[in-house]
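Undergrad: Could you look at this predicted model? Sequence included:
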Amino acid sequence: MKKGLFITFEGGEASGKTTQIQMLKDYVNTLDNKEDFVFVKEPGGTVLGESIRNLLMHNEIDPPVAKAELFLYCASRVQLVEKVILSALNAGKVVVADRFYDSTIAYQGFARKIFSADEILQLTQMLIGNLKPDLTFYLKISPELAFKRKNPDIPLDRIEKEGLGFHKKVAEGFDYMANLEKDRFCVIDATKSVQEVHKTVIEHINNILY
Ligand code: TMP
């Protein structure tokens, strides 16, 4: 098995990331080497990161302005990288992250338009150096369709409440990154059945691992 592998899942709202990551966790749990896998989530994954997540997602009293939002995501990321991801990768583990800096480029870059994709990449490099996912699954679906799939009983968070125009820009951001880094990205049609998507994910991971 290859040592230290970094896999990320990316996509807009209701793209099925959470379901796919749960299916991957269930699959990993059947493996003899399940201890070699570490699952993390952004924002979050550390005590500080979880507090930041709360400030970002459910902050009705004093929602962050766009630049504060960008830096809160970055703060959560640096904490996660330095406290969890780097040590796991150095120990030869497979780290699976639910979102990473491609989300910042899509949401804060393309949708909020605070900085360009290039500027956000530069900022990311200043914060986490050359750490880059080896493989990124991008679950691609149009925002129109994705929002139709959302469970209406679950209230929308602060970012989900942004309009369709915002989420279309997010999708443009992911498309841009997938096009820019074709070797790293595995673009999956997220309108396919959950089983089909899962099969593609497992095939790619096994290809790269064994
Ligand atoms: P999720 O855990 O449901 O994917 O929610 C995280 C939310 O935060 C989602 O709306 C995407 C957003 N986000 C950003 O805007 N920028 C980022 O850098 C990250 C990691 C997430």
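TA: Received, thanks.

Undergrad: what mean pLDDT does stretch 14-30 have?
TA: For stretch 14-30, mean pLDDT rounds to 97.

Undergrad: Within range of the ligand, give me the residues from the protein.
TA: When proximity is defined by Cβ under 6 Å from any ligand atom, the chain lies next to the ligand at 13, 42-43, 73, 99, 103-104, 107-108, 159. In this view, the C-beta of every residue, glycine as well, is placed from N, C-alpha and C.

Undergrad: State the phi and psi torsions of T136.
TA: For T136, the backbone dihedrals (degrees, to the nearest 10) come out as phi -120, psi 120.

Undergrad: That one and I52, how far apart?
TA: In this view, T136 and I52 are 22 Å apart by Cβ to Cβ, to the nearest Å.

Undergrad: circling back to that earlier point, sort the residues of the chain next to the ligand by pLDDT and name the bottom one.
TA: I159 (93).

Undergrad: what bits of the chain have low per-residue confidence?
TA: 1-2 (pLDDT under 70).

Undergrad: contacting residues for the residue lying closest to I128 once chain neighbours are set aside?
TA: Among residues not flanking I128 along the chain, V81 sits closest, at 4.8 Å (Cβ to Cβ, 6 or more residues apart in numbering). Contact analysis of V81 by Cβ atoms under 8 Å, 6 or more residues apart in numbering lists 127-128, 131.

Undergrad: Also G173?
TA: G173 neighbours (Cβ under 8 Å, 6+ apart): 102, 105-107, 109-111, 117.

Undergrad: farthest pair in those residues?
TA: Spatial extent of the contacts of G173 (Cβ to Cβ) is set by the pair D102 and A111 at 12.8 Å.

Undergrad: With neighbour numbers in mind, choose between those two.
TA: Shown here are D102 and A111; by other Cβ atoms under 10 Å, D102 has more neighbours (29 against 22).

Undergrad: in the host helix or strand of S76, what counts as buried?
TA: In the assignment (DSSP states H and E), S76 maps to helix 66-80. If you call a residue buried by 16 or more other Cβ atoms under 10 Å, then helix 66-80 has these buried ones: 69-70, 72-77, 79-80.

Undergrad: And the residue of the chain that's closest to the ligand?
TA: Y107 (3.1 Å; Cβ to the nearest ligand atom).

Undergrad: E172 is in contact with that residue, correct?
TA: No - counting by Cβ atoms under 8 Å, Y107 does not reach E172; the two are 11.2 Å apart.

Undergrad: So between those two, which is more surrounded?
TA: Set Y107 next to E172 and count neighbours by other Cβ under 10 Å: Y107 wins out with 25 against 14.

Undergrad: Give me the nearest residue to the residue most central in space within the chain, chain neighbours excluded.
TA: In the chain, the residue lying closest to the centroid (Cα atoms, centre = their mean) is R99, at 1.1 Å. Once flanking residues are discounted, R99 sits nearest to E42: 4.3 Å by Cβ to Cβ, 6+ apart.

Undergrad: you'd agree that neighbour is up against Y73?
TA: Yes - checked against Cβ under 8 Å, the pair E42 and Y73 is within contact range at 7.5 Å.
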